[in-house]
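> Turn this into a model:
(2 chains)
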Amino acid sequence: KQEVTQIPAALSVPEGENLVLNCSFTDSAIYNLQWFRQDPGKGLTSLLLIQSSQREQTSGRLNASLDKSSGRSTLYIAASQPGDSATYLCALNSGGSNYKLTFGKGTLLTVNP
Amino acid sequence: NAGVMQNPRHLVRRRGQEARLRCSPMKGHSHVYWYRQLPEEGLKFMVYLQKENIIDESGMPKERFSAEFPKEGPSILRIQQVVRGDSAAYFCASSKPQNEQFFGPGTRLTVL
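This is a model prediction of the structure:
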């Protein structure tokens, strides 16, 4: 059974700092991995999707990496801004005929002006 | 191109009542997933449906919960005889076959 862990559970940084969010998983047989952002009381916004054959994906100030052999993914946020404050969720798709996602509990990020 | 739509956004029910949550997938998407987010918990998979078929309901509680995705109209998640422990945010996602899932804004159910 796939288990997803996100560390730290909460992170507070000053504006402008570069930061890394971590996601680890127990079963390396994955189809893809997604990072989402969730604002309080809102839905999920997909940030980056990494296919199992890829090592990383970049979008603007965000960079996500994937290392299946060690069961880890990181989300790097450069030059953080107060608007980046949200909960960041890591989710794995183990593929096959059922593409259900297994989520971590998230990292609550606060960027202080 | 409208995204995944869910309604209502907020739903309040008293214990013992029924809750019906609706999800309209994105245009062209034939696959629907329901997830539940309990307070202080991560999102948990509940059920995966295609038109007129339940593909995987391994995450659904055995009693009181049911889901459908008819040939016409939205997908419905139905909770009978709600209890306080059902209070949560319920998210729907849709996708094309074997493709990225897109999430709706969620329905926040409060059971009094």
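> Strands of chain B, residue ranges please.
All strands of chain B, identified by DSSP state E, fall at B:5-7, B:10-13, B:19-24, B:31-37, B:43-50, B:53-56, B:65-68, B:75-79, B:88-95, B:102-103, B:107-111.
> Make TSV out of these and add distance to A:Q57.
(Each C-beta comes from the backbone N, C-alpha and C, glycine too.) Below are those laid out as TSV (distance: least, Cβ to Cβ, whole Å):
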stretch	distance to A:Q57
strand B:5-7	28
strand B:10-13	34
strand B:19-24	28
strand B:31-37	22
strand B:43-50	21
strand B:53-56	27
strand B:65-68	32
strand B:75-79	30
strand B:88-95	18
strand B:102-103	17
strand B:107-111	30
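> could you dump the ones you listed to JSON lines with mean neighbour count and mean pLDDT?
Listed next are the strands of chain B as JSON lines, based on neighbours: other Cβ atoms under 10 Å in any protein chain shown; pLDDT from 0 to 100:
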{"stretch": "strand B:5-7", "mean neighbour count": "18", "mean pLDDT": "96"}
{"stretch": "strand B:10-13", "mean neighbour count": "16", "mean pLDDT": "98"}
{"stretch": "strand B:19-24", "mean neighbour count": "20", "mean pLDDT": "98"}
{"stretch": "strand B:31-37", "mean neighbour count": "24", "mean pLDDT": "96"}
{"stretch": "strand B:43-50", "mean neighbour count": "21", "mean pLDDT": "95"}
{"stretch": "strand B:53-56", "mean neighbour count": "14", "mean pLDDT": "93"}
{"stretch": "strand B:65-68", "mean neighbour count": "18", "mean pLDDT": "97"}
{"stretch": "strand B:75-79", "mean neighbour count": "20", "mean pLDDT": "98"}
{"stretch": "strand B:88-95", "mean neighbour count": "24", "mean pLDDT": "95"}
{"stretch": "strand B:102-103", "mean neighbour count": "20", "mean pLDDT": "92"}
{"stretch": "strand B:107-111", "mean neighbour count": "18", "mean pLDDT": "97"}
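> Make a markdown table from those and add distance to chain A to it.
Formatted as a markdown table, those follow (distance: least, Cβ to the nearest Cβ, whole Å):
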| stretch | distance to chain A |
| --- | --- |
| strand B:5-7 | 8 |
| strand B:10-13 | 10 |
| strand B:19-24 | 12 |
| strand B:31-37 | 6 |
| strand B:43-50 | 4 |
| strand B:53-56 | 5 |
| strand B:65-68 | 13 |
| strand B:75-79 | 15 |
| strand B:88-95 | 7 |
| strand B:102-103 | 4 |
| strand B:107-111 | 7 |
